[in-house]
Structures are given as C-alpha cells and as structure tokens.
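Engineer: how would this look folded up:
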Amino acid sequence: MSDYEQQQPSPPRRGKVLEALARAERKMFTRPAPKSAKAQVKFLLTRTKDSAKDLADRLGVSTRTVERYRAGKLTKPQKRLQAALVEATESEWQPQVRAQAREQAATSGGMMVHVVAYFGFTASGSSDDGRERHVTTTISPTYAAQILQLQGDGATEEELHPIVAEAITESYFTDWGTRCHGLVADFTHVQSIEFEF
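Structural biologist: Numbering: from 1, shown residues only. Model (predicted):
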C-alpha cells in the first residue's frame, strides 16, 4: 500500500440500521451488481464520467490504485477498499428500481421490520424495565418515508434510531395508537435488524 493510501481516512462504516436498509434495496435489484473489484471499478468509472481521480477521492485511494484495478493488475482489495467498492456500487446500481421500491414504501406499501434489540418503555404513570425483544411489525408509509428520506440525506445511525423506535412503537406496542397512549420506547443495543419493502 502506498503512503497516500495509508494517509487516506477510512470511509465511515454503515451501522446496522443503514446496512439493513441497503440489504433491503439489494433484494429489489433485477440484475446482480458487479462482484469483482475490476467490474466494480469499471462500473463506478461510468458514474464519474471516467474520472479516475474523482473515483479515487470517493474511495479514499490513489488514482494509480484505481487505474490498476481497472486494468486488472490488482484483483483483491483490502477489506476497507472492498467495503467501499461494494457500498459505492450498490448506491449507484439500478437507481430506477431502487427509486420505485422506495416510492412504493413511502406512499402505499410501508415496510416490514424484523428486529432484535433492547427495548425499554416509559408511559404516563408507569414504566417497564428494558429487555431484549424480538419484534416483527409493519412500518407505516409515513414512517417509511421519513426513514428513507433521512437515509437519502446521509443521516447517521444515531439519527435514524429515534425514528425507527417511534415507528416500531406506533405499530407494535401501541397498535397504531389504539392502546398505551403516550408510550415511548427506547431502542438500543440492536442485535439484528432487517427491512423489507
């Protein structure tokens, strides 16, 4: 690895909620995204109008490294670069398919969430000690739209947790507002989470 590559900051890693949203989008793809580093670099170069410098800046590597992957001289990226390639490729792959799935979730279909996390509660006059729960529930289109908007705006994992907790509270714990008025759920220590459009 060159000195330039060692000096580049690692791209931020996605948290569990953001990764779950990315996995849900991948399931909607009608064609598989490129798998090899060479194919991913070639695809991403089409998105940067063939600018190796722009792609190198995006991935946090040198222009020379991008050129070597494009030519097939390098084939096995280190974990950090491999993760950056996968994330960048998936974020650019089949934008119309992704947009249609997101539009449907935000307007009519909502999303399904499967989560194993630590939930604690506070409500008017009572509280329930937190514990790990396995929850599967539907998130309304209103909350789906908010979650997807935050994701699209580059929200962090910490910024997404409150809205996901609120969505789960509404649909699972308060049964769409028909019981437990004023209940607020804390949503922490996510063990696993999956979304479905």
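
Engineer: Any regions of the protein where pLDDT drops low?
Structural biologist: 1-14, 121-129, 177 (pLDDT under 70).

Engineer: Domain parsing of this structure, as residue ranges.
Structural biologist: Domains of the chain are assigned by automatic domain parsing as 3-94, 103-196.

Engineer: Dump those to JSON lines, plus mean neighbour count.
Structural biologist: In short, each C-beta sits where N, CA and C put it, glycine included. As requested, the domains of the chain are exported to JSON lines (neighbours: other C-beta atoms under 10 Å):
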{"stretch": "domain 3-94", "mean neighbour count": "16"}
{"stretch": "domain 103-196", "mean neighbour count": "16"}
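
Engineer: ok, which stretches of the protein are helices?
Structural biologist: 3-7, 16-28, 37-47, 52-59, 63-71, 79-92, 95-104, 141-152, 157-168 (DSSP state H).

Engineer: Just send those back as JSON lines, with distance to residue 180 too.
Structural biologist: Formatted as JSON lines, the helices of the chain follow (distance: least, C-beta to C-beta, whole Å):
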{"stretch": "helix 3-7", "distance to residue 180": "53"}
{"stretch": "helix 16-28", "distance to residue 180": "24"}
{"stretch": "helix 37-47", "distance to residue 180": "47"}
{"stretch": "helix 52-59", "distance to residue 180": "46"}
{"stretch": "helix 63-71", "distance to residue 180": "54"}
{"stretch": "helix 79-92", "distance to residue 180": "38"}
{"stretch": "helix 95-104", "distance to residue 180": "30"}
{"stretch": "helix 141-152", "distance to residue 180": "17"}
{"stretch": "helix 157-168", "distance to residue 180": "13"}
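
Engineer: Relative to residue 113, which of the ones you listed is closest?
Structural biologist: helix 157-168 (6.6 Å; C-beta to C-beta).
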